Every structure is written in C-alpha cells, then in structure tokens.
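S.K.: everything below, folded, please.
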Amino acid sequence: MSITLFSLGLAIIVTLVVGLALRSGQLREKYAALWLIVGVGTIVLGAFPELLEMLATMFGVHLASNLLFALGIVLLVMVTLQLSREITTLEDETRVLSEEAALLRNDLEEVKRQLAQVREAGAGEARSRETQPRETR
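M.R.: This is a model prediction of the structure:
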C-alpha cells in the first residue's frame, strides 16, 4: 500500500469521525469547523499529491514535505490560540459565577439571621404570655 493511499484513507477516516462527533453532539461546531477544513484539505492533497508540489513551488519551498510541516505548525498555532481564547472566556465566566454565588450565599446567611431573630422574638412573646397571670391575658 502506498503512502498516498494510506494518508488519503486516514484523512477520510478522521473527517468521518469529526462529522459523526459533530452530528452526535460530542463536538461543537466552532471546534469541528477547523478539523473539517483540515480533513478536507488532507483528502484533496492525498487525492492530488502533485497539488502539494505545485503549492511548494508557488511558495518557494524546496521540498513539499517542508511545506506540509509548516502548514501543520500553523494549524497547531491556530488551535492553540483558539483554545487559549476559550480558556480565557471560561475563566471570566467562572469568576463571575463565583462572585454571584458568594453574593447569594451572603444574602442567604442574612435571611437566616433575620429568620432566627424573628423566631427568637416570637418565642420570647410566647414565654411572656405563659408567665403572665390568667386574669391579665
């Protein structure tokens, strides 16, 4: 089996797996788009290997494999930037949710204190009625 057929088959499998993960909801669209583009690009380059040679010549790269490695590095940088952006967004959301939870916890404690004071005042009134003589009630 030639390396071209192997890479073409692998690209098709990866693209199908990403498509199935997207369809079943295991992968969100914003993450799947990049992987689908990479999969389709790999399928095209696997089906037409001379296209990679032509692109390498067009960009002035001596070896097509060097262009492929450079594209892989660019892809990894893009994925890293995308994930870094997502982490930043999630950290901000987590901070806001933590602050809101702390405020709600504070409000709950205040309501509990007020309720305890109301109960103590009600219990004090009941005790004072019990200790008063019957005629004054």
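S.K.: helix or strand: which one has the residue nearest the centre of the chain?
M.R.: Nearest to the mean C-alpha position of the chain, counting by CA atoms, centre = their mean, stands E86 at 6.1 Å. Using DSSP states H and E, E86 sits within helix 64-131.
S.K.: again, but for L20
M.R.: Using DSSP H and E, L20 maps to helix 3-23.
S.K.: about what we covered before: helices and strands around the helix holding E86, which ones?
M.R.: Helices and strands touching helix 64-131, as assessed by 3 or more CB pairs under 8 Å, 6 or more residues apart in numbering; DSSP states H and E, comprise helix 29-47, helix 49-59. Heads up, the C-betas are built off the backbone N, CA and C, glycines and all.
S.K.: ok, and for the shortest one, which residues are buried?
M.R.: Spelled out, it's helix 49-59. Buried residues in helix 49-59, counted by 16 or more other CB atoms under 10 Å: 52, 56.
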